[in-house]
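# All I have is the shape, not the residue letters:
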């Protein structure tokens, strides 16, 4: 039961919405496009129509949270490819999952004299001071894929992300349809310091029908191995027969949960339904095989929209403070493994 999202980036640069996914008071609550718009696969590739020389002589610094997943490395590669194709120099810093390191990385990029700063915030709190420093030094800041507790114009220029609440809602609706009589649900989140995790969980919980009970909720730290350990512990505590479904805020953690389910003698997709978000190739293959109910996509291909947004800034155009990347829910009825990464 997973909802997967087909990536729509090129040509959607300046979508006017109420906000981008994140905590209230950050970039606002994002308005999501309707289902017809979600299914557009444009932007899955890194094709971009911007002039090839628009960033010539410019340096784009990118502060990445870590490189521990295919999603993260794909995101970095996408931005690097498009920046360099636009004639710019690309400098990346990997925080390796540490917020203090990320703050230091951003300081280093500012000192290096980058012209533009792209940041994937590890947490929603902890980067405000250094981002404000960048803005004070007239370095436009583009937040990608996660929000922060900050103010547009002071801490960042624009925030570009999926609507994480919407993604969680889609997974809940798929589970409602699959188990209309409800059941016992396990949630594996990525921690409470990330708007991605908290918003996805919020959307999922609020959209579940009243017949469901959340019997366990634990942090899988975004990692497949940790999610497997967490699920092992939950099965031992709850008993596999007392669990009807597992929702994880990323597909990597769903894969870990399924490993634990199988190791304990249960069958994913039959004995215990699983749902997740990101739209990895492994997840879509699982949806196709019937071991995962649904996957909702969350595009890592930020390269085209980053370059298009930078192009607008260079041209003196007004840039929305929040830009939403539409996503798509995939189930066995519409799964397309080719869109996975």
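The structure has been received and is ready for your questions. From a predicted model like this one, the values you see are computed outputs, not experimental measurements.
# Excluding covalently adjacent residues, which one is nearest to residue 84?
Computed as Cβ to Cβ, 6 or more residues apart in numbering, the closest residue to residue 84 that is not its neighbour in sequence is residue 90, at 5.7 Å. Every C-beta, even on glycine, is put in place using the N, C-alpha and C of the backbone.
# Can you give me the distance of the one you found to residue 115?
Distance of residue 90 to residue 115, computed by Cβ to Cβ, to the nearest Å: 11 Å.
# Can you work out which residues contact both of these two?
With contacts taken as Cβ atoms under 8 Å, 6 or more residues apart in numbering, residue 90 and residue 115 have 59, 60 as neighbours in common.
# on that earlier part again, kindly confirm my reading that the residue nearest to residue 84 is in a strand.
Yes: counting by DSSP: H, G, I helix; E, B strand; the rest coil, residue 90 is located in a strand.
# Touching, it and residue 80? I think so.
Yes: using Cβ atoms under 8 Å, residue 90 is in contact with residue 80, at 4.8 Å.
# Which residues are in contact with each of the two?
Here residue 90 and residue 80 have residue 62 as joint contacts, going by Cβ under 8 Å, 6+ apart.
# ranges for the strands of this protein?
59-64, 89-94, 116-119, 141-144, 158-161, 183-189, 212-219, 245-248, 273-278, 294-297, 322-324, 329-330 (DSSP state E).
# Please name the residues that touch residue 318.
Residue 318 sits next to residue 312 when contact means Cβ under 8 Å, 6+ apart.
# ok, and the closest non-adjacent residue to residue 226?
residue 220 (4.9 Å).
# and residue 54, how far is that from residue 85?
10 Å.
# what's the overlap in contacts for these two?
Shared contacts of residue 54 and residue 85 (Cβ under 8 Å, 6+ apart): residue 307.
# What mean pLDDT does stretch 127-145 get?
Mean pLDDT, stretch 127-145: 98.
# Endpoints of it, how far apart?
With Cα to Cα, to the nearest Å as the measure, stretch 127-145 spans 15 Å from end to end.
# hey, where'd the helices end up in the stretch 101-250 of the chain?
Ranges of helices in the stretch 101-250 of the chain, per DSSP state H, counting those that start in this stretch, are 128-136, 164-178, 195-207, 224-238.
# Quickly compare these and say which is most buried.
helix 164-178 (a mean of 24; mean count of other Cβ atoms under 10 Å).
# quick one: average confidence on it?
The model assigns helix 164-178 a mean pLDDT of 98.
# right, so the strands of the chain: which one is the most enclosed?
Highest mean neighbour count among the strands of the chain (mean count of other Cβ under 10 Å): strand 294-297, with a mean of 33.
# tell me how far that one is from the chain's mean position?
Mean-position distance between strand 294-297 and its chain equals 11 Å (Cα atoms, centre = their mean, to the nearest Å).
# So residue 186 is in contact with residue 234, correct?
Yes: applying Cβ under 8 Å, one finds residue 186 in contact with residue 234, separated by 5.5 Å.
# Pull up the overlap in contacts between these two.
With Cβ under 8 Å, 6+ apart as the test, residue 186 and residue 234 both reach 216, 243.
# Just send the strands of the chain back as JSON lines, with distance to residue 106 too.
Formatted as JSON lines, these follow (distance: least, Cβ to Cβ, whole Å):
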{"stretch": "strand 59-64", "distance to residue 106": "5"}
{"stretch": "strand 89-94", "distance to residue 106": "8"}
{"stretch": "strand 116-119", "distance to residue 106": "7"}
{"stretch": "strand 141-144", "distance to residue 106": "9"}
{"stretch": "strand 158-161", "distance to residue 106": "16"}
{"stretch": "strand 183-189", "distance to residue 106": "26"}
{"stretch": "strand 212-219", "distance to residue 106": "26"}
{"stretch": "strand 245-248", "distance to residue 106": "29"}
{"stretch": "strand 273-278", "distance to residue 106": "25"}
{"stretch": "strand 294-297", "distance to residue 106": "28"}
{"stretch": "strand 322-324", "distance to residue 106": "21"}
{"stretch": "strand 329-330", "distance to residue 106": "34"}
